[in-house]
Structure formats: structure tokens, C-alpha cells
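1. Mind folding the following:
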Amino acid sequence: MRGGNLFGAVGVCIMAMGTIAIAVLLYAAAPALAASPAEITRGKYIFGATGGCGCHTEPKGAANAGGRKYDGPFGTVYSTNITPDTKTGIGGWTDEQIIRAIRLGRRPNGERILPVHPFTSFNGMAEEDLAALVAFLRTVQPVNRPNTPKKITVPMFESVFLPAWLMAFAATETPPPAAPVAGVARGEYLVRAVGHCGECHTPRSAMTMAVDNSRFLAGNPKKTGPEGQASPNITPDKTTGLGDWTEEQLVTYLGSGNRPDGDVAGGLMGEIIQGTLAGYKDVTKADLQAIARYLKSIPAVKNKIE
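-> Numbering: from 1, shown residues only. Below you'll find the model as predicted:
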């Protein structure tokens, strides 16, 4: 190749690289396409099916503005502001960054989110549901509320112990190609991924706080339950679970909080049903029936929760 042709080729390559670089910069700077009303509506529905993300709302506090306190064997953490405020919330995050945080537990700067956030369950959510959820979160009222720093009391917890714990104990749900639309498969998807019911209702080890999936949804006593509250056994065991509940009774309870014995759901379950901006009360009867049918189909586990 002659020198002139070589330099010409190099010049063309440099120009091409410059054009690509400019295109990348323009793409990165371009605002995200506005979500359709239908996608936002779907996102609000998914938000309700998660239980309204109540973990991110302090009792009597602004919805989704964070600050809820969680004590653990490693220290104390506070839920974060997930409103679209650009300074203290997620308003400055891209859609992809929000989805990565929800599904993989990573902030935009690469920092690991502690597994108080149920990313191992949310990893099982379908892409279209996550995209719709993000679209809805961008529409809620932004709240300027700085996040409260966590207080870790175990030395090297985040650098050594947490990665080892995640590798040993944090099995993740597998996302489906698309969200199931009906039947037991739909119920399983709503229970295991969207509703992340196992995070509270599956027994945990008092030493490691790892879930024991061999007793999936068999309940937690106060010692290992969320916020020091017991979570009941919701397997179909007839003596310690929901085996005596009919499908219709389960549907009524999940949608209204009304129990067969005349009592009403309180505590965290009451919050999940009512939600913040939406909750289980806004879930369709068809989906509540799918949840009930799935709960009736799982193995019964005898585990009395006091």
C-alpha cells in the first residue's frame, strides 16, 4: 500500500470514529422517549402487585420518599428515596440504571444494594413489567428528602461477608421471556417475583438470615420476621397454614384484608393490601385467583407460627 493511501485510510477511520463518538454522545444526551398512558397504567398496576413498595415509605411519611428503618445483624439501614426527585431520588437515573438496581441490586456508581431490597426476587420479573414499573415511577410526585446513611456495625461486612453471603445463599429468580397471563403460572409469577412473598413468608436462619426454600412460604416467627413481626405460614397445610381456606376466601383476604374469621389484616400485610399509591386492593380478581390457585398448589409444610 502506498503512503498516501495509508494516510487516507487512516483519515477515513479517524473521521468514522469521530462520527461514531458524536452519535454515541448524542444518544446518551437524548431524553428517554415518553412512555404511553397504557404503559404507565400497566406500571401502576405492577407497582400495586408488589404491595405498593411500602418498604420505601415511612409510616405517615411521603409515599416512596424512603427513610424506613430496618435493623439487622449487620447494623441498620434505611430505605431510599425512589421518587423522581433529581437531587435526592432517582430522577437523574436512566431507565436502565433503575432496572439494574431493581433486578441486580446495583446503584449507578456500582455500589451494591444490601439484600434488604429483594432484588433476588425482582430478578424474576419480565422485561416489559420492569419497563412499565419504571415508567410509572417517573410520574409520581417528586419529594426532596435526602437518604439516611446506613450504619454497618460488622467490620468488612460489605467488602467480604456480603459477597460471600450472596454467593452462598442468595438464589435468584429467573426472568421469563414474557409475563405469564393466566392460571397457576401467572400466580407463581406474581407470588415469587412481583409480590416477592417469599422474602417475608419463607423461614430464615436466625444465624445467617438466609431463606430456607425447602420450606417455601412456611412462615417466620418474630425473631426472623420483617420488622420484628411474625409472618404466617401460607402453604396449604391444614393445621398450621391456609389449608382450610377456600380459594374465594383467599381472594377476598388479598383484595380487602377481610379474614374468614371476621378479623382484618393489620401490620405489614395491611400495608401491602392498601398500598401507598396502589396495593393488592387494586389487583384484578383474575390475578388474585391466580395467586390463590398457586398457593393451593405448592407443597404443604407443617410449621406453626406463634
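2. Show the residue spans covered by the strands in the stretch 1-150 of the chain.
-> 69-72, 75-78 (DSSP state E, counting those that start in this stretch).
3. most packed of those?
-> strand 75-78 (a mean of 17; mean count of other CB atoms under 10 Å). Placement of C-beta: from N, CA and C, glycine included.
4. Tell me how far it lies from the chain's centre.
-> 18 Å (CA atoms, centre = their mean, to the nearest Å).
5. so what strands line up beside that strand?
-> strand 69-72 (antiparallel), strand 151-152 (antiparallel) (DSSP bridges).
6. quick one: the helices in the stretch 101-250 of the chain?
-> 119-122, 127-137, 162-169, 183-189, 198-201, 247-256 (DSSP state H, counting those that start in this stretch).
7. These: which one's closest to W93?
-> Among those, the nearest to W93 by CB to CB is helix 127-137 (9.1 Å).
8. Would you mind writing the CA trace of that closest one as PDB?
-> Only the C-alpha atoms of helix 127-137 are listed here, as PDB (Å, rounded to 0.1, in the frame of the first residue of the first chain):
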ATOM      1  CA  GLU A 127     -38.700  -7.000  31.000                       C
ATOM      2  CA  GLU A 128     -42.000  -5.400  29.900                       C
ATOM      3  CA  ASP A 129     -43.200  -5.300  33.500                       C
ATOM      4  CA  LEU A 130     -40.000  -3.700  34.700                       C
ATOM      5  CA  ALA A 131     -40.100  -1.100  32.000                       C
ATOM      6  CA  ALA A 132     -43.700  -0.200  32.800                       C
ATOM      7  CA  LEU A 133     -42.900   0.000  36.500                       C
ATOM      8  CA  VAL A 134     -40.100   2.500  35.800                       C
ATOM      9  CA  ALA A 135     -42.400   4.500  33.500                       C
ATOM     10  CA  PHE A 136     -44.900   4.800  36.400                       C
ATOM     11  CA  LEU A 137     -42.200   5.700  39.000                       C
END
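9. neighbouring contacts of it?
-> With CB atoms under 8 Å, 6 or more residues apart in numbering as the test, helix 127-137 has contacts from 35, 39-40, 42-44, 46-47, 50, 64, 82-84, 90, 95, 98-99, 102-103, 122, 125, 175, 178-179, 194.
10. for the strands paired with strand 75-78, which one sits closest to V116?
-> The nearest among these, by CB to CB, is strand 69-72 at 5.2 Å.
11. Need the residues that contact the closest one.
-> C55, T76, V77, Y78, S79, V116, M209, E227.
12. I152 touches V160, doesn't it?
-> No - using CB atoms under 8 Å, I152 is not in contact with V160, being 11.9 Å away.
13. For K304, see how far away the residue positioned nearest the centre of the chain is.
-> What sits nearest the mean C-alpha location of the chain, by CA atoms, centre = their mean, is F122, with 4.5 Å. Using CB to CB, to the nearest Å, we find F122 at a distance of 30 Å from K304.
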